[in-house]
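turn this into a model:
(2 chains)
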Amino acid sequence: MSPRLVPVESDSTGRRDRPLRITVDGEPADGVEGQTVAGVLLVSGRLAWREGPSGAGRGVFCGIGVCFDCLVTVNGDRDVRACRRRAVDGDVVHTQSRARTGLCPGTPGTQAASRAEAQAGPQTGEGE
Amino acid sequence: MTPRHVGVVGAGPAGLAAAHAALAAGARVTLIDAAEQPGGQYHRMLPEAYAAERPGRLQHGWQEFERRRRQVLTHRRCSWLPETSVWALERHEGNPEPAAPGGPADPTGRPPRVHLLCGGPADGSGRGRRTLDVDALVLATGAHDRVLPFPGWQLPGVFTAGAAQALAKGERVAVGERAVVAGSGPFLLPVAASLLEAGSTVLEVLEANTAGTVARGWGSRPWELAAQLGKTPELADCTAAMARHRVPYRLGCTVVEARGEGRVEEVVTARLRPDWSVVGGSERTVPVDALCISHGFSPQLELPVAAGCALHGDRGRPGLGSGTGTGTGEFVLVDDEQRTSVPGVFAAGEVTGIAGEPAARAEGAVAGWSAAGGDRSARALRVLRRSRDQGRAFARRLARAHPIGAGWPGWLRADTVVCRCEETDFGALCAAFGSEAEASPRVAKLGTRAGLGPCQARICGPTVLELRDRLGARPDAGPIPGRRDGPGGGNRARGEDRAGDGPREQSAEGLPAATPHRRPIAQPLRLGELAASPEPWGTAPSGTAPDATPGTPEIATPDITVPDATTPGTAERTDPTDPSEESTS
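Okay, the predicted model is just below:
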């Protein structure tokens, strides 16, 4: 089973959901307004979305912005902690990898790309 | 007279109480938090977008929190900076970099300059850089779960207990249908209750300490517990929920392994001896889709360390019985008025010791009042100090009842990941710490990369230090009992020649001490943001800046309230005739 939202009709807090949709590597993912990006990823059936150095999957671990396991790229900004970032309808999310695959610098999702982007400074990779 | 300006970092129970008390003492307050709303982890609020009719439903002490929150945020002398990260603290000229925690004080006697990133979504680009200079600084940055490594803990579906709680309380996400909650400490109970409330099945709650350890810790001097009665209704609610759902609470048991293809599918539980070594043959396999773990808490010390605050405790080496600490790691050293060793810098809440929410509130109020220069003889202050001291007594008992046993590394195998970021395994650390050339923390760090990944050792730092002490150098650390499947030679007790060679205070080669909490850049920021020149806070604030709301009408100046711990159910007010409550306006 995957993580899921408490059904709104049985939620003791009496919340009212307004749906939102983001894309994750081009695929739509549905959540509700107010959720974090991590929350939307979890309730849309994704438990892991980032790759560690060995290529093994990672998702939420600490949930409060400490472990950096859940990093994603949001609207072109790399290394966003999904558990701390509020999702906005239409957000374009890309997954990231630290896998040591030997890809060239500049290939999306590699450490080398991350560094190259960081070194390029404010001209690239900042916002959309 | 210009009121003193108090900066408060962290708006959880301690920080909010500090802001409240500092306002009551007449100060101007700037309250800073990374989240959109105050409350911290304890009073994690539902997002406003949920438009919840009963937002307090999942909270304990909601009404008092809500009242305090409103009073602070709408106060004329309070600037509230949500979604703002403190990424650095900069000591003033003359002593820009402390040589070591507790090193010589800044000669100016002023608290460090606060470097902020404000006005934008978390980790977004293009946030504004600001600097903030205050007369006094209160650090209330809180703590996060400490999770010890075990085989499979890096699998998706293994969450910290805090993550499960935050997702359930903060956005109504249940992390799984069939969950096991394991680790140590009373925090496991509210986490289990949160999961049950969200509709998950909690198969069992496993406390690693044995009934004997827990009873000895809590059982002696029970009157100290009475002082923390503010906590009791909460725990009573949790145990009632567990009883209703027939959730077993097993003492002396834990999860020693998580297994699955690409995600957790089952866990292996085992009975533990008092030192947390595994009782052979007691292993059971339990199918789960979520595992929630917490072995205690790690205080978030990067800002206190950046300010140069002295620490106390046993350097994250629990269970060694050295007699110097509480058995739960390092914390900020504070005096009776919550002053740290650095002039003008105060600390409150879990950064000074894990004592729970009532104690954090009392500490915060004392810190805020003192930071604002409030009357030291105020009656309310005496009450708060008493409450704070009761909270500290509670913390000592908590540490005694739920220590981390020395035998936990026996759960590890050579290929068990210890540093999650770099996937450094136990075998690599054994090899590094067993070799004379690599036994210094700095060399081992570079050789194994443990602690060098994105989290910057926040998760594995204390664990790696402890393993280094146990595997390599410290004669008092002793070998690891009951290792299951470790590489040969790893647990030799060597190092007669290295007695007294502590793990962090070596300032070799003129480099700063290798404390795991030293992170000069305390929160991530982008190079573009770093390159932008900062503006002092308060000058030409951007449209989103809270300073741009000068028209907010002032409501009654907040009074100091006594935490529930001493007056359950009521918020006792200080003497309203106390002139110290509002000497400036």
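
can you show me the strands along chain A?
Ranges of strands within chain A are A:4-5, A:19-24, A:27-32, A:50-51, A:57-58, A:71-74, A:77-81, A:92-94, based on DSSP state E.

how is chain B partitioned into domains?
B:5-86+B:133-144+B:298-400+B:553-581, B:147-295, B:408-510 (automatic domain parsing).

deepest of these, which one?
domain B:5-86+B:133-144+B:298-400+B:553-581 (a mean of 23; mean count of other Cβ atoms under 10 Å in any protein chain shown). In short, each C-beta sits where N, CA and C put it, glycine included.

is it anywhere near chain A?
Yes. Using Cβ under 8 Å from any Cβ of the partner chain, domain B:5-86+B:133-144+B:298-400+B:553-581 reaches chain A at B:34, B:36, B:41, B:46-55, B:57-58, B:144, B:300.

tell me which residue is most central in the chain.
Reading this off chain A. By Cα atoms, centre = their mean, the mean C-alpha position of chain A lies nearest to residue A:72, the distance being 3.8 Å.

chain B was what I was after
residue B:143 (0.7 Å).

got a list of what that one touches?
Residue B:143 makes contact with B:297, B:298, B:299, B:300, B:350, B:351, B:354 under the criterion Cβ atoms under 8 Å, 6 or more residues apart in numbering or on different chains.

now for the residue lying closest to residue B:171 once chain neighbours are set aside, how many residues are close by?
The shortest distance from residue B:171 to any non-neighbouring residue, by Cβ to Cβ, 6 or more residues apart in numbering or on different chains, is to residue A:39 (4.7 Å). If you count neighbours by other Cβ atoms under 10 Å in any protein chain shown, residue A:39 ends up with 27.

turn the strands of chain A into TSV, columns for mean pLDDT and distance to chain B.
Putting the strands of chain A into TSV (pLDDT from 0 to 100; distance: least, Cβ to the nearest Cβ, whole Å) gives the following:
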stretch	mean pLDDT	distance to chain B
strand A:4-5	96	6
strand A:19-24	98	9
strand A:27-32	97	8
strand A:50-51	96	10
strand A:57-58	97	5
strand A:71-74	97	7
strand A:77-81	96	4
strand A:92-94	98	13
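
which one of the ones you listed lies closest to residue B:192?
strand A:4-5 (18.0 Å; Cβ to Cβ).

centre of the chain to that closest one, how far?
On the basis of Cα atoms, centre = their mean, to the nearest Å, strand A:4-5 sits 17 Å off its chain's mean C-alpha point.

save the domains of chain B as TSV, and put in mean pLDDT and distance to residue B:536 too.
TSV is the format used below for the domains of chain B (pLDDT from 0 to 100; distance: least, Cβ to Cβ, whole Å):
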stretch	mean pLDDT	distance to residue B:536
domain B:5-86+B:133-144+B:298-400+B:553-581	82	7
domain B:147-295	92	33
domain B:408-510	70	28
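
which of those domains sits closest to residue A:61?
Closest among those, using Cβ to Cβ: domain B:147-295, at 6.2 Å.

distance between the ends of the closest one?
Start and end residues of domain B:147-295 are separated by 5 Å (Cα to Cα, to the nearest Å).

same check, this time on stretch B:373-381
Start-to-end, stretch B:373-381 (Cα to Cα) is 12 Å.

got it, and stretch B:254-268?
8 Å.

who touches it?
Here stretch B:254-268 makes contact (Cβ under 8 Å, 6+ apart) with A:47-48, A:56-57, B:150-153, B:155-158, B:180, B:182-183, B:206, B:208, B:269-270, B:272, B:276, B:278, B:283-291, B:293, B:411.

could you list which of the residues you listed belong to helices?
Members of the contacts of stretch B:254-268 lying in helices (criterion: DSSP state H): none.

okay, now the residue in the stretch 401-550 of chain B positioned nearest to chain A: neighbour count?
Residue nearest to chain A within the stretch 401-550 of chain B (Cβ to the nearest Cβ): residue B:528, separated by 3.0 Å. Neighbours of residue B:528 under the rule other Cβ under 10 Å: 19.

show me the helices in the stretch 151-300 of chain B, by range?
B:161-171, B:188-197, B:211-219, B:223-226, B:232-244 (DSSP state H, counting those that start in this stretch).

strands - which of the contacts of stretch B:254-268 land there?
A:57, B:158, B:180, B:182-183, B:206, B:269-270, B:284-287, B:290-291, B:293.

how about residue B:210, nearest residue that isn't a chain neighbour?
Per Cβ to Cβ, 6+ apart, closest to residue B:210 is residue B:252, 3.8 Å.

do I have it right that that neighbour meets residue B:182?
No. Under the criterion of Cβ atoms under 8 Å, residue B:252 is not in contact with residue B:182, lying 11.9 Å apart.

show me the common contact partners of these two, please.
With Cβ under 8 Å, 6+ apart as the test, residue B:252 and residue B:182 both reach residue B:208.

picking up where we left off before, looking at the contacts of residue B:143, which is nearest residue B:68?
residue B:350 (18.3 Å).

who's in contact with the closest residue to chain A within the stretch 51-200 of chain B?
Nearest residue of the stretch 51-200 of chain B to chain A: residue B:163, at 2.7 Å (Cβ to the nearest Cβ). Contacts for residue B:163 (Cβ under 8 Å, 6+ apart) come out as A:60, A:61, A:62, A:63, A:64, A:83, B:145, B:175, B:292.

6 Å instead, please
A:60, A:62, A:63 (Cβ atoms under 6 Å, 6 or more residues apart in numbering or on different chains).

for it, which non-adjacent residue is closest in space?
residue A:63 (2.7 Å).

would you check that residue A:8 makes contact with residue A:17?
Yes. Using Cβ atoms under 6 Å, residue A:8 is in contact with residue A:17, at 5.3 Å.

of the two, which one has the most company?
More crowded of residue A:8 and residue A:17, by other Cβ under 10 Å: residue A:17, with 18 against 14.

ok, that one to residue B:58 distance?
Distance of residue A:17 to residue B:58, given as Cβ to Cβ, to the nearest Å: 17 Å.

any idea of the angle the longest helix along chain B forms with helix B:211-219?
For chain B, the longest helix by residue count, based on DSSP H, is helix B:379-401. Inter-element angle recorded for helix B:379-401 and helix B:211-219: 170 degrees (by axes from the mean of the first three to the mean of the last three Cα atoms, to 10 degrees).

tell me what helix B:379-401 is packed against?
Judged by 3 or more Cβ pairs under 6 Å, 6 or more residues apart in numbering or on different chains; DSSP states H and E, helix B:379-401 is in contact with helix B:211-219, helix B:357-371.

gap between the two ends of stretch B:21-39?
First-to-last residue span, stretch B:21-39, Cα to Cα: 16 Å.

what sits against residue A:24?
residue A:93.

one more: residue B:121?
residue A:85.

which of the helices or strands spans it?
Assigned by DSSP states H and E, residue B:121 falls within no helix or strand.

do the one 5 residues further on as well
No secondary structure element spans residue B:126, as it lies outside all helices and strands (assigned by DSSP H and E).
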